[in-house]
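J.: give the three-dimensional model of this entry:
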Amino acid sequence: MDSIIELRHLKTLLALQETGSVSLAAKRVFLTQSALSHQIRALEQHYDTALFERKSNPIRFTPAGERLLQLARDLMPLVTAAEREITQIVEGEAGELRVAVECHTCFDWLMPAMDVFRPLWPQVELDIVSGFQADPVGLLLTHRADLAIVSEAVPQAGIVYQPLFAYEMVGLCAKDHPLADKAVWQAADFANDTLITYPVPDDMLDLLRKVLLPAGINPPRRHSELTVAIIQLVASRRGIAALPYWTVMPYLEKGYVVAHPIGHTPLQSELYAAMRSDDADKGFLDNFCQIVRERSFADLPGLSPLSLP
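T.: Numbering: from 1, shown residues only. Take a look at the predicted model:
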């Protein structure tokens, strides 16, 4: 039997296994859901067997599907390594990668990605631009940073973006707060309480930018630099907050605070990697973004694939 397996098929199978759904897998590999389904049907027709159970949630692979999935697990790391080594041969291994961030919670996923990157690119000088950056793209344009982690892919001359991931923001309150038993929070629920946030401009807080200000709600604020301090203030009834689910999950498991979705379509935030257009073809920059996506989806709960707007 002639083989029809291509690398794109293996990437699709891994995306199905990692996301557990056809729709999320399609977003992960930047295909429409129908195009991804067509890929799977072509494989199933070729082998005359199903690769996964259609009504399972999450997806359960059949024995044939598991065998192809194992091939993908074995082969794709070798392909990735070969592509990286070819890039290093052609472009050289040396370089500089200074990362600027505009979010206080970035370090939960950024540090593990940096740990993976360093041994793969030992000649690339990797560093974080110290401190929270209100204008990380400005640092790119003035060559004080080489990659910026931003929440919006705003078109700008000389700048290109790579999507990293989307994530859910949840509303937080004390266990004895009046909102603790409300299943879904709406904009009006934030009107009569202090909102505890990081000390950043309003247009950098998705809760305010996407939910509260469009509804004409502008609650009083209290600020803290540290996530654990925000959690403590919320737990002691000093106010309510909205933070990424992955950041607060350990505190939820310990029962310090309670969390609820914001809106019937839960509030989502996004993260992109911005870089100078002139640097976009540097292999180590592309590989760093790939590592960020892979490590984040492996380590953090509640992420969704993201594409450019």
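J.: mind checking which helix or strand residue 171 is in?
T.: Here residue 171 sits within strand 159-173, counting by DSSP states H and E.
J.: list the buried ones in that strand?
T.: Residues 159-173 are the ones in strand 159-173 that count as buried (16 or more other C-beta atoms under 10 Å). For the C-beta atoms, the positions are set from N, CA and C on the backbone; glycine is no exception.
J.: what's the answer for stretch 206-222, then?
T.: Judged by neighbour count (16+ other C-beta under 10 Å), stretch 206-222 contains these buried residues: 206, 207, 208, 209, 210, 211, 212, 217, 219.
J.: format the residues you listed as JSON lines; extra columns: secondary structure and distance to residue 119.
T.: Listed next are these as JSON lines, based on DSSP: H, G, I helix; E, B strand; the rest coil; distance: C-beta to C-beta, whole Å:
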{"residue": "206", "secondary structure": "helix", "distance to residue 119": "34"}
{"residue": "207", "secondary structure": "helix", "distance to residue 119": "38"}
{"residue": "208", "secondary structure": "helix", "distance to residue 119": "40"}
{"residue": "209", "secondary structure": "helix", "distance to residue 119": "38"}
{"residue": "210", "secondary structure": "helix", "distance to residue 119": "39"}
{"residue": "211", "secondary structure": "helix", "distance to residue 119": "42"}
{"residue": "212", "secondary structure": "helix", "distance to residue 119": "44"}
{"residue": "217", "secondary structure": "coil", "distance to residue 119": "48"}
{"residue": "219", "secondary structure": "coil", "distance to residue 119": "46"}
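J.: which among these gets closest to residue 127?
T.: Nearest to residue 127, judged by C-beta to C-beta, of the buried residues of stretch 206-222 is residue 206 at 27.6 Å.
J.: contacts only, for the closest one.
T.: Counting by C-beta atoms under 8 Å, 6 or more residues apart in numbering, residue 206 touches 151, 169, 242, 267, 269.
J.: can you rerun that using 6 Å?
T.: When contacts are counted by C-beta atoms under 6 Å, 6 or more residues apart in numbering, residue 206 touches residue 269.
J.: how far away is it from residue 274?
T.: Distance of residue 206 to residue 274, given as C-beta to C-beta, to the nearest Å: 17 Å.
J.: next one: the helix or strand that the strand holding residue 171 is followed by to chain centre, how far?
T.: Note on strand 159-173: by DSSP H and E, the next helix or strand toward the C-terminus is strand 195-197. Centroid separation for strand 195-197 versus its chain: 23 Å, with C-alpha atoms, centre = their mean, to the nearest Å.
J.: offset the numbering so it begins at 379, please.
T.: Let's use 379 as the start, then, which means that last one is strand 573-575.
J.: mind listing what's buried in strand 573-575?
T.: By 16+ other C-beta under 10 Å, the buried positions in strand 573-575 come out as 573, 574, 575.
J.: with adjacent residues omitted, what lies nearest to the first one?
T.: Read that as residue 573. Closest residue to residue 573 apart from its sequence neighbours, by C-beta to C-beta, 6 or more residues apart in numbering: residue 597 at 4.5 Å.
J.: what's the spacing between that neighbour and residue 507?
T.: Note on residue 597: its distance to residue 507, by C-beta to C-beta, is 32 Å.
J.: and residue 673, by the same measure?
T.: Here the distance between residue 673 and residue 507 works out to 20 Å (C-beta to C-beta).
J.: past the longest helix belonging to the chain, which element shows up next along the chain?
T.: Counting residues, the longest helix found in the chain (DSSP state H) is helix 441-469. Once the chain leaves helix 441-469, the next helix or strand it forms, by DSSP H and E, is strand 473-479.
J.: neighbouring strands for that next one, and are they parallel or not?
T.: Here strand 473-479 is paired, per DSSP bridges, with strand 502-506 (parallel), strand 525-528 (parallel).
J.: can you tell which of the ones you listed is closest to residue 683?
T.: Closest to residue 683 of those is strand 525-528 (C-beta to C-beta; 17.1 Å).
J.: and the contacts of that closest one?
T.: 477, 478, 479, 480, 484, 514, 515, 518, 650, 651, 652, 653.
J.: okay, that strand in CSV with CA atoms only?
T.: The C-alpha coordinates for strand 525-528 follow below in CSV (Å, rounded to 0.1, in the frame of the first residue of the first chain):
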residue,chain,number,x,y,z
LEU,A,525,10.8,40.7,20.5
ALA,A,526,7.8,42.1,22.4
ILE,A,527,4.9,40.3,24.1
VAL,A,528,1.8,42.3,23.5
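J.: lovely, talk soon.
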